[in-house]
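Chemist: Build me a model from this:
(3 chains)
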Amino acid sequence: MDSNSAPRPTQTSDSLLHRLAGPSTTKAGLANDQTDINRVIADASKGSKFYENEKRKDKDLTEKINRILQQRDEARRGVDIAQIEHNVDQVISKMEAQRDLTQIIVHVDMDAFYANVEILDDPSLKGTIFAVGGGVLTTASYEARKHGIRSGMPEYIAKKLYPNLKVIRCNIPRYAEMSKKVMSIFRRYDPNMLAASVDEGYLNITQYCEDRLQTADEVVQEMRRTVEEETNLTVSAGIAPNKMLAKICSDRNKPNGQFKLDFDATTIKAFMHDLSIRKVPGIGRVNERLLESIGIKTCGDIYTHRATLSLMDKQFGLHYLLQTYLGIASNHVEPYHREERKSIGAERTFSAIGDKDKLFKKLEEVAAELEDDMERHGWTGKTVTLKYKLDTYQVYTRAKSFDRWISTKKEDLFAIGKELLLPELPLRLRLIGLRVTKLKDLRENADAKPGSIKRFLESASESTSPRKKRKLDVDVNDGDNEDSPKLSQDGFEVSMPGYDDDEDEANLEDDIEELEISTEGKPRSSSKPSSSSKPSSSKPTSLASSFRITSSSKPNSAIKPTSRSTPAPKPESEVQSQTCPICSKTLQMDNTAFNAHIDFCLSKGAIREAQAESSASINSKPIRLEPRKHPPKKVARRGKSR
DNA sequence: GCGGATCAC
DNA sequence: TATGGTGATCCGC
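Modeler: Got it, this is the predicted structure:
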């Protein structure tokens, strides 16, 4: 257990080595000896500002862990552990009783997507060691991964690992094109699938299997074969009763393989028992370390330490971890809806700048990009957040809210950003960004109940085939968004917005452009740190020692579950009380019937009324028929450092 | 509402 | 020489 208080054999601690190795360490196709590779990476990084910042974060985390251990020991003192365990066991029984094994969920994941598309266009790359990106790598071929080269890694470090590495520039429009093709094949199996990113999606094939009397394995096998036949790209898949399990399973036989988990509670629990917690979506490197510090490395360990987790629920989130231990999660799959968007922003990295006018110039450029996006996608909002990163890599944000919808003109965005940045100067920065939240959808005026309206419109336009680009509200998924991915780490890359669907190509391309990874900067080392300049404000959250933590600064920590993670099953046809966003009547019916009712209301030209009405009330929140997407989240928290 | 922080891709 | 960009969410003020 506690691997951190042990003496370090080398100068760089294990945790720091691990941190420097990047977030995608647990991925498929890794290298011979991770240790040697981590060493090379650390040596190549040593001395840089980036390295120093990682070191600082690592130290903060170590201190936080020490506080947690102290809290744990204190909390366990004098309490009846057996009793607590008993109580937790009862909670587990209840969760178990709600387990839903009725839905067949599939997670599909394209293998080394960008790299494989490049091979498509240049077959001579097949089997060779190459990467896609520039400055920072977006993805690496499987052969390159064997040498420790991963997405998110700076090119110069990758070349230390393999000097002859060939690096190909990203061709985002091309990837988007292939993504569309592949997604459309997936949709044959579930028209309601969720495209989670350019290269990844979730399907519910329960109906499909039932209709054809085929097993899930057969269907997925056929689907994967179809993708390969029609696109020459391979995909890996996971089949399980919920999204979390399906995602974990898709990684099991990658590349070009599939893995099905038996739809049986005993099998699922056995599967989770030995699974590294790091494999659980939502648990990243930080939470991995926090959990490990109290002895939890696998999901099975969650049960062993249930008493501690219960006592420290605030920090770790007992509920979410228990669900994870049981292998229970959301099995809800539906397409992304435009109204789910919560923010829109732009940010740019550049070689460090200290000059005020030059910084404003950068801010202006970012403002222009943001204007473009907001216009193109039809959004405005009420809050603007400035983000900046010092040349020391420390990140800060400063926000301002308005009681009106802001102008999307770049001049206005710039003015707001300037107002936020000015009081912080002087600073030496390497990144500036602007983000708008508290959004209002300018296309579909329904900011009032978007959920259903959108849903209806979407299916309607789908059948009639859209083709025209914008206007006419209702656009289905404007491609915008989505989940968005960008460079990924784990294996894959990035993003793109709207692949979703058939519909406007032009728009799609625009979106794609923005995805390009910039990495521009020609870094010149900034001569001096000038680190002295620190963000003024800073609110030391210090007092935050909400707990009785001992020492100084940082407050809390730890993991927590989130309400999300749909605890229960919820097949979908459950009768419940719901209020129609159009006619405002409260109805008792299941979702299918409810959507039909909404269709009815909409068909009566109720749209206009709804729009008029909604523009008056800006706040109504989208209604939600089902649990939302997104996993858990919520794990650790920490205070500010330094 | 604000700011820090973590995570996914 | 040199380490992305977009979006979401959570927590503690």
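Chemist: CA only for contacts and neighbour counts going forward, please
Modeler: Fine.
Chemist: which residues of chain A score low on pLDDT?
Modeler: Within chain A, the stretches with pLDDT under 70 are A:1-11, A:26-32, A:445-642.
Chemist: longest single helix anywhere in it?
Modeler: The single longest helix within chain A, with elements called by DSSP state H, is helix A:49-76.
Chemist: For DNA strand C, tell me whether the helix or strand where A:Thr349 lies is touching it.
Modeler: Following DSSP states H and E, one finds A:Thr349 within strand A:343-353. Yes. Using C-alpha under 7 Å from any atom of the strand, a contact is recorded between strand A:343-353 and DNA strand C, made by A:343-349, A:351.
Chemist: that older thread, same for the longest helix of chain A, what does it pack against?
Modeler: Applying 3 or more C-alpha pairs under 8 Å, 6 or more residues apart in numbering; DSSP states H and E, one finds that helix A:49-76 contacts helix A:14-20, helix A:285-293, helix A:306-311.
Chemist: From DNA strand B, how far out is A:Gly47?
Modeler: Going from A:Gly47 to DNA strand B by C-alpha to the nearest atom of the strand, to the nearest Å gives 21 Å.
Chemist: you'd agree that residue is in a strand?
Modeler: No. A:Gly47 is assigned coil when assessed by DSSP: H, G, I helix; E, B strand; the rest coil, not a strand.
Chemist: ok, it to A:Gln394 distance?
Modeler: Distance, A:Gly47 to A:Gln394, using C-alpha to C-alpha, to the nearest Å: 16 Å.
Chemist: Those two: which has the busier surroundings?
Modeler: Higher neighbour count among A:Gly47 and A:Gln394: A:Gln394, with 17 against 10, using other C-alpha atoms under 10 Å.
Chemist: thinking again about what came up before, the longest helix of chain A vs helix A:285-293, what angle?
Modeler: Computed by axes from the mean of the first three to the mean of the last three C-alpha atoms, to 10 degrees, the angle separating helix A:49-76 from helix A:285-293 equals 40 degrees.
Chemist: Strands of the stretch 201-350 of chain A, residue ranges please.
Modeler: Applying DSSP state E, counting those that start in this stretch to the stretch 201-350 of chain A gives strands spanning A:235-240, A:258-260, A:343-353.
Chemist: Looking at those, which one is packed in the most?
Modeler: Highest mean neighbour count of the strands of the stretch 201-350 of chain A: strand A:235-240, a mean of 28 (counted as mean count of other C-alpha atoms under 10 Å).
Chemist: what's in contact with that strand?
Modeler: Applying C-alpha atoms under 8 Å, 6 or more residues apart in numbering, the set of residues contacting strand A:235-240 from outside is A:104-111, A:216-217, A:220, A:224, A:227-228, A:245-263.
Chemist: Are it and DNA strand B in contact anywhere?
Modeler: No. Residues of strand A:235-240 contacting DNA strand B under C-alpha under 7 Å from any atom of the strand: none, with a closest distance of 12.7 Å.
Chemist: can you check stretch A:186-201 too?
Modeler: Yes. Stretch A:186-201 lies within reach of DNA strand B by C-alpha under 7 Å from any atom of the strand, at A:196-200.
Chemist: Please pick the buried ones from the contacts of strand A:235-240.
Modeler: A:104-111, A:216-217, A:220, A:224, A:227, A:245-252, A:254-260, A:263 (16 or more other C-alpha atoms under 10 Å).
Chemist: how close does A:Ala44 sit to DNA strand B?
Modeler: Counting by C-alpha to the nearest atom of the strand - A:Ala44 and DNA strand B are separated by 21 Å.
Chemist: hang on, isn't that residue packed against A:Ala158?
Modeler: No. Counting by C-alpha atoms under 8 Å, A:Ala44 stays clear of A:Ala158, with 9.9 Å between them.
Chemist: For these two, indicate the residue with more neighbours.
Modeler: A:Ala158 (26 against 15).
Chemist: Once you drop chain neighbours, what's closest to that one?
Modeler: A:Ile149 (5.6 Å; C-alpha to C-alpha, 6 or more residues apart in numbering).
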